[in-house]
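J.: below: sequence and its predicted model.
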Amino acid sequence: MSNSIRVLHTEWSDGWGGQEIRIINEMKVMRSRGVEVFLACRALSVIREKALQNHIKVFTLGFKGNGDLKTLLSLKKIIQKNSIDIVNTHSGKDSWVGGFAAKLAGVKFIRTRHLSNRISKSRMNFINEIADYIFTTGEKVRSDMIQYNRINKNKILSIPTGIDESVFNPRIFNREECREKFNLSDNEIAIGILAVLRKFKRHDIFIKSAKALIELYPEKKLVFLIAGDGPQKENIKNLVNEHDLFSKVRMVGHVNNAPEFLSAIDILVLCSDSKEGVPQSVMQGLFMNKPVVASNSGSINDIHNKENFQLVEKGDVDSLVNGISFYIDNFNEIDTREYMIKYFSTSVMSQKVIDTYKKILNYQ
């Protein structure tokens, strides 16, 4: 780009899940396209460490609440000192202080809405209305904000998270080696879930489905892998033990190399009941040509083309069991990768972001 655009991202969250992963990946791909990126976040947040590992300039601030005046004024100084063109906020608390800091500094304010649960209709909740532009991670989120939150349809765009096709490529992974890393034998059918361990991901549904499937297919060697870490770790462990599944359900913890995990398993499952935009793990699985069974949550319909994966009712064990059974009974190779590259790659995502930056900055 001939004119370097400078973007400051803000994030209040201290966790590490799909939202935070998207922010870091988006910053990396935009930097590769000539955009200068910066991050403002809290001191003990995981995203701070990830940003520093990727050589992104980080500013550490308090983000103590919607009315954190100290953080707001600090952000205003950062914006002015670093000649920031756009402030892109990502969570509720940082959107208030980041949004007002952008307005006071006279620069553009973009609000990215990652979750799919509806925002309060209250007139007091006006921060999204004053944004110069809004990104959502799914079409359902976009339509809800237009309908319920008074957002101008011409200043809001759904941009699902782009997946790096060079990383999530089944051809570059040795499946046998990947299965060895997760202690999977050749005759085991591995059914996996790749998600942060939070309540809305409904690992309880996954565990109940595991028990039902083991009873349904006594002749098959089914094994269930739970990849991820988070606040529900001990509760999930307890559920596994309560259902006497400790020999069949394995908690493998956080995986640093998601494509390896996806290459190792046979079927990928997502059973969230709320809050999803377009789930990254489902997209990654489809890039890896994996059979996917996912609950009808958030904006997942954005990537469902009626043939590429099994869409099941959220919160329904029987529906999930039926979806997984379909692939157990029909173990054929699938090709979802070509469709995903065409519509959901990082290059597609980054082009939409770049075009919006130029639009709101009046770049030619």
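T.: Great, that's in hand. Since the model is a prediction, treat every value here as computed from it, not as a measurement. Residues are numbered from 1 along each chain as shown.
J.: give me the mean pLDDT for stretch 199-217.
T.: For stretch 199-217, mean pLDDT is 97.
J.: next: stretch 263-282.
T.: When pLDDT is averaged along stretch 263-282, the result is 90.
J.: cool, and stretch 295-306?
T.: Here the average pLDDT along stretch 295-306 is 86.
J.: what does stretch 164-177 give?
T.: The predicted model assigns stretch 164-177 a mean pLDDT of 96.
J.: so what touches that stretch?
T.: Contacts with stretch 164-177, where a contact means C-beta atoms under 8 Å, 6 or more residues apart in numbering, come from 25, 29, 258-260, 262-264, 284, 287-289, 337, 340-341, 345-346. Glycine gets a C-beta too; all of them are placed from N, C-alpha and C.
J.: quick check: end-to-end length of it?
T.: Using C-alpha to C-alpha, to the nearest Å, one end of stretch 164-177 lies 22 Å from the other.
J.: ok, now which ones touch the closest residue to Val35 other than its chain neighbours?
T.: Here the nearest residue to Val35 in space, its sequence neighbours aside, is Ile5; by C-beta to C-beta, 6 or more residues apart in numbering that works out to 4.9 Å. Applying C-beta under 8 Å, 6+ apart to Ile5 gives the contacts Gly34, Val35, Glu36, Asp85, Ile86, Tyr357, Leu361, Tyr363.
J.: relative to His55, how far out is Ile5?
T.: 18 Å (C-beta to C-beta, to the nearest Å).
J.: repeat that for Thr10.
T.: Thr10 sits 19 Å away from His55, taking C-beta to C-beta as the criterion.
J.: quick one: which of those two has more around it?
T.: Thr10 (29 against 8; other C-beta atoms under 10 Å).
J.: for stretch 116-126, buried residues please.
T.: For stretch 116-126, the buried set under the neighbour-count rule, 16 or more other C-beta atoms under 10 Å, comprises Ser116, Ile119.
J.: meant to ask about stretch 198-213
T.: Within stretch 198-213, the residues that count as buried by 16+ other C-beta under 10 Å are 198, 200-213.
J.: tell me the contacts of the residue nearest to Asp204 when sequence neighbours are not counted?
T.: Once flanking residues are discounted, Asp204 sits nearest to Leu239: 5.9 Å by C-beta to C-beta, 6+ apart. Applying C-beta under 8 Å, 6+ apart, one finds that Leu239 lies in contact with His203, Asp204, Ile207.
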